[in-house]
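Colleague: With the sequence up front, the predicted model follows.
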Amino acid sequence: MEATKPHIALLASPGMGHLIPVLELAKRLVSHQSSKVTVFIVATDHASIVSSQLLQPPAGSDGDDLLVVLLPFIDISDMVGSGVSYVRKIEATMLRSVLFFRIEISKMESRPTALVVDMFGTDALGVADEFNMLKFVFVTSNAWFFAYALHTTEIDIKEIDEHVKNRKPLKIPGCRPVMFEDTNETLLNYPNDPSYERFKDIFIKMSLTDGILMNTWDELEPTSLKALRDTRKVPIYPIGPLVRPIEKSVLCSGIMNWLNKQPEESVIYVSFGSGGTLSIQQVIELSWGLELSQQRFLWVIRPPTEKDAAGAFLTLTNGSDGNLDYLPDGFLARTHDRGLVVPMWAPQVEVLNHPSIGGFLTHCGWNSTLESIANGVPMIAWPLYAEQKMNANMLTEDIGASIQAAAMESDGLVTRGEIRSMIRKILVDHEGRNIRARIKELKNSAAKALAEGGSSYNILFQLAEICIQHLNTKAFGA
């Protein structure tokens, strides 16, 4: 008798940008593809939150079909110093977690049919080889970024120098070129950044897998996906957009009560993600921009930092005690009738789904981008780090779902006048009508891709069938 339910293992890297899409992929494999899924999570500040979400299996599924295994907390203090980038911290954490992951796999009575890791988990692919598992990599960003990253690991030094030193556009076969101002900081620091060589190693390992899953969909990025498929190096599976569902929470009743009192599509939601921070000067300019716009706003705020735009990455807090004395004098009093400032956190998906939200000022992390598209909310793109500049460019130039913030001063500040103008354009000005209409089209496209018969639904079904075939092959010893 043929086996019909593959067992798929997912290994998630630290950070909400990786954990959330892995969580949603797990739920979708269980609820729509009748798979058994075990999610392995490295213990960090985020682990308790994510694991508690995962422990609730999707409606209608067997409670035993979705399991969570928390790997031990990884101490990397002897590998990286306190001042290193968040990328190096993730790399070190995942490298050291492989041993614990292998131990957990070896103890399982029913070992997984396939292993899915994200880009930082490729060191664990050797475990898949050892236990005869199919191996896939889940790219939690978009196809254009993946094509760029893949290309930069294959080109010669002269082409990199032309891009980095002479600021020439980086041409990507079959895709739009990447402008110097949008390129990733890992490449900007080449050859002095050790992450670059690590980057190359990751993509070599990815090219030897059974396929690359991507949190995008065919209708959103047809050109970039075609270019990747034309390389024929490894199968490409766009299965997105995988975003968090709307889940009511008693923790956010104050926010939702405030939103309930606002007119439809009248509020600009401001958030720089779970890790993004601004300088004190930029916080002041943003405060004034919000005030001068005379529009309603919901601002999720983190204490400013002068050191690192990703200053809160991998932590749930960055030292906030709720004190907002870094805001301009009188700001809260002057805007109390039209604004709400929330320290540190808000239930983003529920906020974006609220009818009073008319725009999203975002750092353009890919999770936030997809959540905004899925809820039909136009964006002001304000990238901070990683691939966010590329995301912002794509949203503005290719997709037409946003306008992009421009640094107006020599010190890189986005000025209050620019902020005022962007907010009004997204919410009320006539010139923003095309963006507001375009985001509604994208919302429908995203929903169709995931619905039964849609492009992403069909591709995920194909993936499940591949796992079933491999399971049956193992069962019969072929």
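Modeller: Yes, it's here. Numbers count the residues shown, from 1 in each chain.

Colleague: any idea how far Thr183 lies from Ser85?
Modeller: Distance from Thr183 to Ser85, counting by Cβ to Cβ, to the nearest Å: 16 Å. Placement of C-beta: from N, CA and C, glycine included.

Colleague: And for Gly289?
Modeller: Going from Gly289 to Ser85 by Cβ to Cβ gives 29 Å.

Colleague: do Arg334 as well
Modeller: 38 Å.

Colleague: so Val37 makes contact with Pro6?
Modeller: No: at 9.3 Å, Val37 does not count as touching Pro6 under the criterion of Cβ atoms under 8 Å.

Colleague: quick one on the thing from earlier: the more surrounded of Arg334 and Ser85?
Modeller: Neighbour totals were compared for Arg334 and Ser85, and Ser85 leads with 19 against 13 (other Cβ atoms under 10 Å).

Colleague: Now that one: closest residue in space, sequence neighbours ignored.
Modeller: Excluding the flanking residues, the one nearest Ser85 by Cβ to Cβ, 6 or more residues apart in numbering is Ser195, at 7.2 Å.

Colleague: if I pick Ala405, what's in contact with it?
Modeller: Shown in contact with Ala405 (Cβ atoms under 8 Å, 6 or more residues apart in numbering): Ile380, Ala381, Trp382, Val414, Glu418, Ile419, Met422.

Colleague: out of those residues, who's nearest His163?
Modeller: Nearest to His163 out of the contacts of Ala405 is Ala381 (Cβ to Cβ; 21.9 Å).

Colleague: Can you name the residues that contact the closest one?
Modeller: Ala381 touches Thr362, Cys364, Asn391, Ala392, Leu395, Thr396, Ser402, Ile403, Gln404, Ala405, counting by Cβ under 8 Å, 6+ apart.

Colleague: Report the two of these separated the most.
Modeller: Distance extremes for the contacts of Ala381: the farthest pair is Asn391 and Ile403 at 13.9 Å, using Cβ to Cβ.

Colleague: Of the two, which one has the most company?
Modeller: Taking other Cβ under 10 Å, Asn391 and Ile403 do not tie; Asn391 has more neighbours (26 against 22).

Colleague: in terms of contact, does that one touch Asn367 like I think?
Modeller: No: taking contacts as Cβ under 8 Å, Asn391 lies outside contact range of Asn367: 10.5 Å.

Colleague: Quick check: closest non-adjacent residue to Leu134.
Modeller: That would be Ala114: by Cβ to Cβ, 6+ apart, it lies 3.8 Å from Leu134.

Colleague: And for Arg334?
Modeller: Once flanking residues are discounted, Arg334 sits nearest to Glu291: 6.2 Å by Cβ to Cβ, 6+ apart.

Colleague: Roughly how far does the one you found sit from Arg433?
Modeller: Taking Cβ to Cβ as the measure, Glu291 falls 25 Å from Arg433.

Colleague: Which one's more surrounded, these two?
Modeller: Comparing Glu291 with Arg433 by neighbour count (other Cβ under 10 Å), the higher total belongs to Glu291, at 20 against 10.

Colleague: residue contacts, that one?
Modeller: Contact analysis of Glu291 by Cβ under 8 Å, 6+ apart lists Phe331, Arg334, Thr335.

Colleague: swap the cut-off to 10 Å and go again
Modeller: Going by Cβ atoms under 10 Å, 6 or more residues apart in numbering, Glu291 touches Phe297, Pro328, Gly330, Phe331, Arg334, Thr335, Arg338, Gly339, Arg416, Ile419, Arg420.

Colleague: now swap in Val69 and tell me
Modeller: Applying Cβ under 10 Å, 6+ apart, we find Val69 in contact with 9, 11, 38-41, 51, 100-101, 104-105, 107-108.

Colleague: hang on, the earlier thing: now do the shared contacts for Val37 and Pro6.
Modeller: Leu29, Pro112.

Colleague: follow-up on the earlier one: can I get the contacts of Val69 in CSV with pLDDT, distance to Gln281 and neighbour count?
Modeller: Formatted as CSV, the contacts of Val69 follow (pLDDT from 0 to 100; distance: Cβ to Cβ, whole Å; neighbours: other Cβ atoms under 10 Å):
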residue, pLDDT, distance to Gln281, neighbour count
Ala9, 96, 46, 29
Leu11, 95, 40, 31
Thr38, 95, 47, 21
Val39, 95, 41, 24
Phe40, 95, 42, 24
Ile41, 91, 37, 24
Ser51, 50, 38, 17
Phe100, 94, 43, 18
Phe101, 95, 43, 22
Glu104, 96, 47, 15
Ile105, 96, 49, 22
Lys107, 94, 53, 9
Met108, 93, 53, 14
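
Colleague: Narrow the residues you listed to those in helices?
Modeller: Among those, the members found in helices (DSSP state H) are Ser51, Phe100, Phe101, Glu104, Ile105, Lys107.
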